[in-house]
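> Here is a sequence with its predicted model. Questions after.
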Amino acid sequence: QVQLVESGGGLVQAGGFLRLSCAASGRPLSDYAMGWFRQAPGKDRTFVSGISRSGSRTTYADAVEGRFTISRDDAKNTVYLQMNSLEPEDTAVYYCGAVIARPPVVVVRVDGYDYWGQGTQVTVSS
């Protein structure tokens, strides 16, 4: 099975940017479709962005469309989430997930993922 470790979170002012990374180990990242989710205090974990196993397809939640970009580097076993024009509403713990899926499937449901990282905190101040 794959192990996932997120990094890159932090405190940033509104309008700023961050790049999150999700490093995979144990199995090649290329075996998995990947996704980013977030969870604010007292709320459910929600879909942010997903990328297919081949990288040929990406999907975004409406709230982040045009501001966030997901990408993957299978040679480095890492998935990224570039977050620009951050807003206070983006404050949450961000998690990456992995699931074995044929390309070009992008999985958007939380319960569709088999493996999760521990999360990284993103805080956007106004």
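Nice, I can see it.

> pLDDT value on the residue located most distally from the centre of the chain, please?
Of all residues in the chain, residue 126 has its C-alpha farthest from the mean position, at 22.9 Å, by Cα atoms, centre = their mean. Model confidence at residue 126, given as pLDDT, is 94.

> okay but it is in contact with residue 88, surely?
Yes - counting by Cβ atoms under 8 Å, residue 88 is a contact partner of residue 126 at 4.8 Å. C-beta coordinates here come from the backbone N, C-alpha and C atoms, glycine included.

> Please enumerate the shared neighbours of those two.
Common contact partners of residue 126 and residue 88 (Cβ atoms under 8 Å, 6 or more residues apart in numbering): residue 14.

> Please enumerate the strands of this structure.
3-7, 10-13, 18-25, 33-39, 46-51, 58-60, 68-73, 78-83, 92-99, 115-116, 120-125 (DSSP state E).

> For residue 17, see how far away the residue nearest to residue 57 when sequence neighbours are not counted is.
In this structure, residue 57 finds its nearest non-sequential neighbour in residue 104, 4.0 Å apart by Cβ to Cβ, 6 or more residues apart in numbering. Per Cβ to Cβ, to the nearest Å, residue 104 is found 28 Å from residue 17.

> And residue 53, by the same measure?
For residue 53 relative to residue 17 (Cβ to Cβ), the value is 27 Å.

> ok, those two, which is more surrounded?
residue 53 (23 against 12; other Cβ atoms under 10 Å).

> The more buried one contacts residue 29, correct?
No - counting by Cβ under 8 Å, residue 53 does not reach residue 29; the two are 9.1 Å apart.
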